[in-house]
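Q: What shape does this take:
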Amino acid sequence: MPVMTAEELEAFLYSHFPDMEDRAFRVEKVDDGLAQVRLLYHERHLRPGGTISGPALMTLADTSMYIAVLAMIGPVALAVTTNLNINFLRKPAQADVIAEARLLKLGKRLAVGEVTMYSEGENDPVAHATVTYSIPPDHTPRGLG
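A: Modelled structure (predicted):
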């Protein structure tokens, strides 16, 4: 079960990452090993050609997995990305992008998960990422030894 609520996670995110002052992300929900995070549409996320940029989608994937990990282990600011692989599947619409992050494995030192991203109102994913996070040794997830 999550140890932090969506509201607590969003507050933690913005208090520990002051460069995110634009508040482009909304933590919509968390559950056991799951997180849903929304990237709010803004022109600054567009690339030439009028589509949401790759860097914006990569940031959404990374942020969503960070939220999914912290939901399970608590407010550990020093959990860090060790790997992120992304596949861009189709052109995102000029709309909010919703990420669904799912933990595949939560261990003592590493968390591995996947993130599927959708343009709001669309059924087909625009991108899919696999992400690995390193967990500091003094922050073992609940239930692990």
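Q: which SS class is the spatially most central residue of the chain?
A: In the chain, the C-alpha nearest the mean C-alpha coordinate belongs to residue 64, at 0.8 Å (Cα atoms, centre = their mean). Assigned by DSSP: H, G, I helix; E, B strand; the rest coil, the conformation of residue 64 is helix.
Q: Quick check: bridge partners of the closest residue to residue 67 other than its chain neighbours?
A: Nearest non-adjacent residue to residue 67, counting by Cβ to Cβ, 6 or more residues apart in numbering: residue 35, 4.4 Å away. No exception for glycine: its C-beta is placed from N, CA and C like everyone else's. Using DSSP bridges, the bridge partners assigned to residue 35 are residue 30, residue 101.
Q: you'd agree residue 35 is up against residue 113?
A: No: using Cβ atoms under 8 Å, residue 35 is not in contact with residue 113; the gap is 9.1 Å.
Q: list residues touching both of those two?
A: Residues touching both residue 35 and residue 113 by Cβ atoms under 8 Å, 6 or more residues apart in numbering: 65, 68, 101.
Q: Right, I'll leave it there.
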